[in-house]
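**Student:** Show me how the following folds:
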Amino acid sequence: MKNKVKGQLYMTFVIFFLSVLFTINIIAWFYPQSIVREDFENDFGGWTVDADVPQDPNNPGHPIEWHIIRTLDKSSSGLYSLEFFIDGKQDDGTIWIERKINVKENSRIQIKVAFQLYSEWESANAIAGVCAHVNTSNPEKENDFIDGRLGPANQVAGWKKYEYTTRITTDSTGEIWIGLGISVLWETHMTYYIDDLNVAIFYSYL
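**Tutor:** Here you go, the predicted structure:
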């Protein structure tokens, strides 16, 4: 009889422990443990610029023109945003900002990247694509952004919010790389603006 009672108490404890662990895990997926916010009011906030662009046929040995700079021309909040310009006449090229973020090593995490992008005009043609990269590797090539293509950049005239959510397993370094930018889809010069960048990180404990 005593063994039966002990067994029931043990099972009750196990069920209670698993229920608590499951509840913690559910909360973890919906409540971020780390948030990075940047509106570029003071500087780049730890973000750096990078690109994978073709050579300029009119200027051998040099890449096509492009830049990512802070500007007062447009802003979603505050005074500043980032201006993304690229000469897309070669129908190729991706430019982006990137940042390394330290997280828990060897962990399952969910990352949500959200930001505002400004387009001068709305177009039914896909002039540029909005892209993102979230992984344990540093983005170096245009192909690193294939899984994070977020749609055309000219969906509206003005500001539009773009979001990208993915899940990854971190390695022993506890580092992840976030990148976001634009990819050329049409043979023309193009300028866009990005502001109000937020990165939220959610941990799983199961």
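**Student:** how far away is Trp47 from Val199?
**Tutor:** In this structure, Trp47 and Val199 are 10 Å apart, going by C-beta to C-beta, to the nearest Å. C-beta: built from backbone N, CA, C; applies to glycine.
**Student:** helices or strands up against the longest strand belonging to the chain?
**Tutor:** Longest among the strand segments of the chain by residue count, using DSSP state E, is strand 189-203. On a contact count with 3 or more C-beta pairs under 8 Å, 6 or more residues apart in numbering; DSSP states H and E, strand 189-203 meets helix 2-30, strand 34-38, strand 81-87, strand 94-102, strand 108-119, strand 175-184.
**Student:** if you set the cut-off to 7 Å instead, what comes out?
**Tutor:** Here strand 189-203 touches helix 2-30, strand 34-38, strand 81-87, strand 108-119, going by 3 or more C-beta pairs under 7 Å, 6 or more residues apart in numbering; DSSP states H and E.
**Student:** Now do the domain split for the protein, please.
**Tutor:** As given by automatic domain parsing, the domain ranges for the chain are 1-31, 34-203.
**Student:** got a markdown table for those domains, with mean neighbour count and mean pLDDT too?
**Tutor:** Output for these, formatted as a markdown table (neighbours: other C-beta atoms under 10 Å; pLDDT from 0 to 100):
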| stretch | mean neighbour count | mean pLDDT |
| --- | --- | --- |
| domain 1-31 | 10 | 47 |
| domain 34-203 | 17 | 95 |
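**Student:** contacts for stretch 94-107?
**Tutor:** For stretch 94-107, the external contacting residues (C-beta atoms under 7 Å, 6 or more residues apart in numbering) are 34, 36, 46-53, 66, 68, 82, 84, 86, 109, 131, 139, 142, 145, 170-183, 199, 201, 203.
**Student:** if we go to 6 Å?
**Tutor:** Outside of stretch 94-107, the residues within contact range by C-beta atoms under 6 Å, 6 or more residues apart in numbering are 46-52, 66, 84, 86, 139, 142, 170, 172, 174-181, 183, 201, 203.
**Student:** Relative to the longest strand of the chain, what are the paired strands and their orientations?
**Tutor:** Paired with strand 189-203 in the same sheet, following DSSP bridges, are strand 34-38 (antiparallel), strand 81-87 (antiparallel), strand 108-119 (antiparallel).
**Student:** relative to strand 94-102, how tilted is it?
**Tutor:** Between the axes of strand 189-203 and strand 94-102, defined by axes from the mean of the first three to the mean of the last three C-alpha atoms, to 10 degrees, the angle is 20 degrees.
**Student:** what pairs with the residue sitting nearest the centre point of the chain across the strands?
**Tutor:** The centroid of the chain falls nearest to Val113 when counting by C-alpha atoms, centre = their mean (4.2 Å). Val113 has these beta-bridge partners by DSSP bridges: Tyr164, Val199.
**Student:** heads up, I number from 57, so please use that
**Tutor:** Sure, I'll start numbering at 57, so the last one becomes Val169.
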